[in-house]
Structure formats: C-alpha cells, structure tokens
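> Have a look; sequence and predicted model below, questions after that.
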Amino acid sequence: MTRFNKKYNGIRAAFFILIVALVVLLVYYGRLPEDPEAAQSAQPSAVASQEAVVPPEVAGDPSVQTESPSPSPSETPVSGPDLALRDPVDDTFFEDAAFMGNSLMDGFRLFSGLTTCDYYAATSMTVVGATSKACITLDNGAAGTLVQGLTQKPYGKIYILLGINEIGFDVDTFIEYYSNMLDSIIAAQPDCDIYIMGLTPVSAAKSASSETFNMTRITEYNTALRQLAADKSCYYMDLVDALAGEDGYLPANETTDGVHFSAKVYQTWLDYVKTHYV
Amino acid sequence: MKRVGLAFLAFCMVFGALTGCTEKAKPAEYDLEALGKQIADSGAFSDILSPVNKEIAASFYGFEDAEVTECVEYCSTGATTEEIALIKCADEEAAAKISANAKARVETQRTIYESYAPLEMPKLDDAIVTQDGLYVFYIVSADSAKVQAVLDGLKK
C-alpha cells in the first residue's frame, strides 16, 4: 500500500465518521423540539376523550371541567353545547344532581319518578325570582331562593328549566337576567356540569291563539338559550326536539292548557335526560 | 199469646236499635285505591290527573313514612290546583297533624295560584278537606258537588 493510498483511506474513514456524527446530531436535535409535545401527548386517549365532552368554544378555558364522569360504554362526541344520544344511565347517575325550575320542573318531580336527585322548583318561577324570591326551606331551616338551595352543597350536575313564565320579555333582557343567574351558580359550583334546558313546546292551538306562548317565540328563546349555554361552557337540552310531536307541537291530548302536560310526557322527558349527558 | 207477641216485638225493636248503634260507632274503612279511581272518574275534574307516589304526597302534607299506612294521590298537570289525596294514618295523632296540614295546603295553593291562575280560586274555595277517623281526604276539583256525591254514596 502506498503512502497516498494510506492517506486516502484515512480521509475516507474520517469523512465516514463525520457523516455518521452529522446524522446522529441531526436526528438528536431534530427530535428535541418535539419532545415536550410528545410528553404531553403521552396519554392521547385521555386527552381525546376529555376534548370530546368539552364544547369547542370553551376547550381552552381552564375553568371548565374536562373530566367526563360518564358511566356510559359509548363515547359519542359532543358538538358545541349540544348533547348527542347515548346509552341510558340509571338513576344513580343523578345522585349528585339538582334540578331547578318552574311548575314544569315541579311536574318533572311529581311524575318522572326520579327520586335520587334534589329538586328546587316552584310554580310561576322566573330567572329573576330564582335569585330573589325566598320560596323554599333551606337545609338550615331558613327560607331561601332556589339558587340558594342549589348552592347549599356541591353538586356534580345541575339542570335548569326556566323561561316560559317570562316569555313576554324582550329576548335580550331575558338572556341578560339568565346570564346573571348562571354566573352566580357557576361561581358557587365551578366544577359542576350545568345543563340548560330549552323551553318546552306548546300545543298547536295554544301557539295559534297566543301572542306570547307560541312556537315562534319559544324557538327564539331557545336559540338564545343555546348560545348562552355555549358562551357559559354549559350544555343545552333541546326539549322541543324531545317532547314535541311530529308536527313540532305539544300533542293536544297530553295537555289541557297547551303548556303543562301529562305524566306520559314527563316520562319521555326523563328518557331524554337519561340519554343525553356528558 | 198477645203479650208474648208484644214482648217479642219490643225485644226486636230494642235489639235492632242497639245493633244499629253499634254499627254506627264502627270506625270507617275505605278501599282507597277504588275510591281514588271512583273520584277521578266522577267527571269532576277539568285537568288530566295522574297518580304519584307516597313520597310526593309526603312533601305536600308533611308526614313521615311511618305516620301513613296507605296513601292514594293524584296530581294535575300543574295547569290547575286539582288534586286528590286520600290518606290513611297510623294513629289519631298523625291524622290530626295531616288534617291540619291539608287545610294549610289550601291556603298555600291559594297564595301560589292567585296571580298565576286566578280562575283556580273558586276551586280552592270549594276544596273538600275532611277527616274521618284515621282517614284524611283532600280533594280539589272543578265540580266539588260531584266529588261530594261520591263520598256521600259511601255512607248509604
């Protein structure tokens, strides 16, 4: 072997080592910036399932509860404040739940048969009255408002049905009142899933004969309530979809005044609540 | 012979009277399920009535489970104050308490509905709230005469 050949082989070996070193460095430094994200996505299934139950509008809000308490075997994604049909839960699901509302919610207490939860309901109740009218007896024996009742102890789920008694209000005013009420509930129950129930349907006869109790107004209110649910990181329950007949109205044979309804409709409502949750 | 006949007649009259007195003093017993259905079907109601459980009745009439041995309760849709509550109490003390609570319920309903549904006021004016031994009845209807006719029919 000539001296030139020896020198050539040495250069070739050094070049090879340099190339290998470069490749190692490139691989090392190329991956380094991805490592923190890779660490964060170390539980991809958990993150995915959490995001699935949080409305996209509020997914970045750290105040929003992101853990799904669902005992359901199905994992249907939630889109916005809306709730998809899921496998029914049993009554134990509602052991940490409170239902608040007007006479229709009181009817739910009477006829649904659901007894594992707490109820805070009163005839003729409004969103303003829920924070100002002392109409219930609190656990400490004092008179209190419905919202004070709701904040006596921690709840995992709160269902609210209010609005039909103030349907004559301007929608923006109604939503402003509702928003203020929600803020006080959220402040007291920050880790709670809040379900805003839309107004229930009225009968076709009622809708045709009333300036206020009609499906046009109810749809207007419900559209605003759904948006409020999205804005406040709450969930929206479409009770018109749940309770109306194929014609979009409350079935005439299930009501006497066109607004309140029979025990049969409450059972349908319960079925809806049991199959729409997070 | 004539004397014997008169004596026998007198005996029968006295015995019959005494027997009648004894039967009159016997505490009333009602088949509450049947009575509730009879009242609900009497045509006295304008609203749809549906049965609810004892726990709901307890929330209206403020009783503990042990204080009531039997209870039949029908509620309206909420559009009206119409209601049927037929309660058999465990003892006289419970009956007196629940009877008082039933009377108070009339006033509570009046307060709730007087601005919400003023047309309900005459029904509350005609509310039937009675106590018969261990039984307490609270019935609000659109036609209390029809309900009273059913109750009167039980005494014949």
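All right, it came through fine.
> Count the residues that sit near A:Glu254.
Using other Cβ atoms under 10 Å in any protein chain shown, A:Glu254 has 19 other residues around it. (Each C-beta comes from the backbone N, C-alpha and C, glycine too.)
> who's in contact with the host helix or strand of A:Asp271?
Following DSSP states H and E, one finds A:Asp271 within helix A:263-275. Under the contact criterion Cβ atoms under 8 Å, 6 or more residues apart in numbering or on different chains, helix A:263-275 has outside partners A:85-90, A:93, A:107-108, A:110-114, A:159, A:237, A:239, A:242-243, A:250-251, A:254, B:48, B:50.
> Which of the residues you listed are buried, as a ChimeraX select command?
Selection of the buried residues among those in ChimeraX, burial being defined by 16 or more other Cβ atoms under 10 Å in any protein chain shown:
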select /A:86,89,93,107,108,110,111,112,113,114,159,237,239,242,243,250,251,254 /B:48,50
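> Narrow the contacts of helix A:263-275 to those in strands?
Applying DSSP state E to those, the entries found in strands are A:Tyr159, A:Met237, B:Ser50.
> show me the contacts for the nearest residue to A:Tyr249 once chain neighbours are set aside.
Nearest residue to A:Tyr249, sequence neighbours excluded (Cβ to Cβ, 6 or more residues apart in numbering or on different chains): A:Ala204, at 4.2 Å. Taking Cβ under 8 Å, 6+ apart, we find A:Ala204 in contact with A:Asp247, A:Tyr249, A:Ala252.
> what's the helix or strand for the first one?
Element membership for A:Asp247, per DSSP H and E: none, as it lies in no helix or strand.
> List only buried entries from the contacts of A:Ala204.
Buried members of the contacts of A:Ala204, counted by 16+ other Cβ under 10 Å: A:Tyr249.
> and which of the contacts of A:Ala204 is nearest to chain B?
Nearest to chain B among the contacts of A:Ala204 is A:Ala252, at 11.7 Å by Cβ to the nearest Cβ.
> doesn't A:Lys206 make contact with the closest one?
No. If you go by Cβ atoms under 8 Å, A:Ala252 and A:Lys206 don't touch, sitting 9.2 Å apart.
> mean confidence for the host helix or strand of B:Ser115?
Element membership of B:Ser115 [criterion: DSSP H and E] is helix B:92-116. In this model, helix B:92-116 has a mean pLDDT of 96.
> Stretch A:243-257 too?
Stretch A:243-257 comes out at a mean pLDDT of 98.
> which residues are in contact with that stretch?
Residues from elsewhere that reach stretch A:243-257, judged by Cβ under 8 Å, 6+ apart: A:200-207, A:215, A:240, A:258-259, A:261-262, A:264-265, A:268-269, A:272, B:46-48, B:77, B:79-80.
> Give me the buried entries from those.
Buried members of the contacts of stretch A:243-257, scored by 16+ other Cβ under 10 Å, are A:200-204, A:206-207, A:215, A:240, A:258-259, A:261-262, A:265, A:269, A:272, B:46-48, B:77, B:79-80.
> show me where pLDDT drops low in chain B?
Applying pLDDT under 70 to chain B flags the ranges B:1-25, B:156.
> Going by secondary structure, B:Asp152 is in what exactly?
Going by DSSP H and E, B:Asp152 is in helix B:144-154.
> Relative to the whole chain's centre, how far out is that helix?
Averaged C-alpha coordinates place helix B:144-154 at 10 Å from its chain's average position (Cα atoms, centre = their mean, to the nearest Å).
> can you pull the buried residues of it?
For helix B:144-154, by 16+ other Cβ under 10 Å, it's B:Ser144, B:Val147, B:Gln148, B:Val150, B:Leu151.
> Contacts only, for the third one.
The reference is to B:Gln148. Contacts of B:Gln148 (Cβ under 8 Å, 6+ apart): B:Ile128.
> for A:Val240, same thing?
For A:Val240, the contacting residues are A:Gly198, A:Leu199, A:Thr200, A:Pro201, A:Met215, A:Ile218, A:Thr219, A:Asn222, A:Gly248, by Cβ under 8 Å, 6+ apart.
> and the buried residues of helix B:144-154 as JSON lines, adding distance to B:Leu124?
Output for these, formatted as JSON lines (distance: Cβ to Cβ, whole Å):
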{"residue": "B:Ser144", "distance to B:Leu124": "10"}
{"residue": "B:Val147", "distance to B:Leu124": "14"}
{"residue": "B:Gln148", "distance to B:Leu124": "16"}
{"residue": "B:Val150", "distance to B:Leu124": "19"}
{"residue": "B:Leu151", "distance to B:Leu124": "18"}
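> which parts of chain B sit against chain A?
Contact residues, chain B versus chain A (Cβ under 8 Å from any Cβ of the partner chain): B:46-48, B:50, B:52-53, B:55-56, B:75-80, B:112-113, B:115-116.
> what do you get if the cut-off is 7 Å, keeping everything else the same?
Residues of chain B lying close to chain A by Cβ under 7 Å from any Cβ of the partner chain are B:46-48, B:50, B:52, B:55-56, B:75, B:77-79, B:112, B:116.
> And chain B, is stretch A:125-142 touching that?
No. Shown here: stretch A:125-142 not in contact with chain B (Cβ under 7 Å from any Cβ), separated by at least 8.9 Å.
> what's the model's confidence in that stretch, averaged?
The predicted model assigns stretch A:125-142 a mean pLDDT of 96.
> quick one: buried residues of it?
Residues of stretch A:125-142 classed as buried under the neighbour-count rule (16+ other Cβ under 10 Å) are A:Met125, A:Thr126, A:Val127, A:Val128, A:Gly129, A:Ala130, A:Thr131, A:Lys133, A:Cys135, A:Ile136.
> One more: stretch B:132-139?
B:Asp132, B:Leu134, B:Tyr135, B:Val136, B:Phe137, B:Tyr138, B:Ile139.
> Can you give the contact residues for it?
For stretch B:132-139, contacts defined as Cβ atoms under 7 Å, 6 or more residues apart in numbering or on different chains pick out B:27-28, B:30, B:39, B:83-89, B:95, B:98-99, B:102, B:105, B:127-130, B:147.
> filter those to the buried ones?
Of the contacts of stretch B:132-139, these count as buried by 16+ other Cβ under 10 Å: B:30, B:39, B:83-89, B:95, B:98-99, B:102, B:105, B:127-129, B:147.
> quick one: low-confidence parts of chain A?
A:1-79.
> Could you pull out the strands in chain A for me?
So, for chain A - with DSSP E - the strands run A:97-101, A:118-121, A:136-137, A:143-144, A:157-161, A:193-197, A:235-237.
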